[in-house]
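Trainee: fold the following.
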Amino acid sequence: MTLHTNRGDIVIALNAAKAPHTVNSFNFLAGQKFFDGSRCHRLTTQGIYVLQCGDPTGTGTGGPGYQFQDENLAGATYPAGTVAMANAGPGTNGSQFFLVYKDTALPPSYTPFGTISSGLDVLTKVAAGGDDESNGAGDGHPKIDVVLTTVTVTAS
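Mentor: Take a look at the predicted model:
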């Protein structure tokens, strides 16, 4: 999958073997141009180190109108380069996901479904710009705006 952004491309190797529902959902949503023009709405720079995207409303509350089960949680870890689902609790996956730009300790509650194969530098530049702390210290909108111009998924 490639996230074509206004800051550069982020290429992600998807793990369909361990997260088939998640990968199929992304393939479907990308094909529907669901992500096109959406902003990455959350950057955390303290405690956890992620850029969150996938909400077409840009508020952190939007989604595709459906939810699906968690996958690939046994032993899940979130080192830099991990791509995982954001959620509001078990079985609430939709379209929001996060990109880990620095090793992050989280409980195994977020479906990891891919690994960044190129473009991690894009994330580190955005993270270096900081956030507006609108959600608290080290958690807010990225000061360097990131827009998903389009998302493409190709078979490997």
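
Trainee: surely residue 93 meets residue 84?
Mentor: No. Using CB atoms under 8 Å, residue 93 is not in contact with residue 84; the gap is 9.8 Å. Glycine gets a C-beta too; all of them are placed from N, C-alpha and C.

Trainee: which residues do these two both contact?
Mentor: residue 111 (CB atoms under 8 Å, 6 or more residues apart in numbering).

Trainee: got a list of contacts for the longest helix along the chain?
Mentor: In the chain, with assignment by DSSP state H, the single longest helix is helix 20-31. Here helix 20-31 makes contact (CB under 8 Å, 6+ apart) with 1, 14-16, 35, 64, 68-69, 71-72, 85, 93, 95, 111, 113-114, 151-153.

Trainee: pull out the buried residues from those.
Mentor: 1, 14-16, 35, 64, 68, 71-72, 85, 93, 95, 111, 113-114, 151, 153 (16 or more other CB atoms under 10 Å).

Trainee: and residue 122, helix, strand or coil?
Mentor: Classification of residue 122 using DSSP: H, G, I helix; E, B strand; the rest coil returns helix.

Trainee: quick one, what contacts it?
Mentor: Contacts of residue 122 by CB under 8 Å, 6+ apart are 5, 7, 8, 9, 10.
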